[in-house]
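Q: I need the structure of the sequence given here:
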Amino acid sequence: MTYEQLKENVQQVLDIWEQQQPELEKIYAVNDPRKVELIQPAIIQLESLIEQSEQMENPHTGTRHHVLAPNNYEERIEFIKHQKNSHYAVIQLTMLYDEMKKKAARLRVQQ
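A: Just a heads-up that it's a prediction; the model follows:
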């Protein structure tokens, strides 16, 4: 995937997230039973976008990670998947989207 395609994909996913987030927060606030099915598309979108980003090696640890992946991404996304009923899942998902957005902005500046 080219940098331009990734940039477009990031913007599309963030636009969708901006529409989903307020509704998710409302649904979780009133403990609506639909919350589990409504959070799933937001999880899938984030995972897909991060997996589309290129991988690079951390010079300090030697491990490979996706350039858009926030810190502790794997652990945090697993928490969200296992705790979909908890309001903390939507809080953590919001934080992951915010951090991914910052990483994407940093990449834009570096290009």
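
Q: Any stretches of this structure with poor pLDDT?
A: When residues are selected by pLDDT under 70, those of the chain lie in 1.

Q: From the centre of it, point out the most distant residue.
A: His60 (24.3 Å; CA atoms, centre = their mean).

Q: Can you tell me the SS state at that residue?
A: Following DSSP: H, G, I helix; E, B strand; the rest coil, we place His60 in the coil state.

Q: what separates it from Val36, distance-wise?
A: Using CB to CB, to the nearest Å, His60 is found at 38 Å from Val36. The way it works is simple: take the backbone N, C-alpha and C, and place the C-beta from them, glycine included.

Q: Quick check: buried residues in the helix ranked longest in the chain?
A: Secondary structure of the chain per DSSP state H: the longest helix is helix 3-29. For helix 3-29, a neighbour-count test (16 or more other CB atoms under 10 Å) marks 6, 9-10, 13-14, 17, 20, 24, 27-28 as buried.

Q: same check, this time on stretch 69-79
A: 69-70, 73, 76-77, 79.

Q: With stretch 29-49 instead?
A: Buried residues in stretch 29-49, counted by 16+ other CB under 10 Å: 35, 38-39, 42-43, 45-47, 49.
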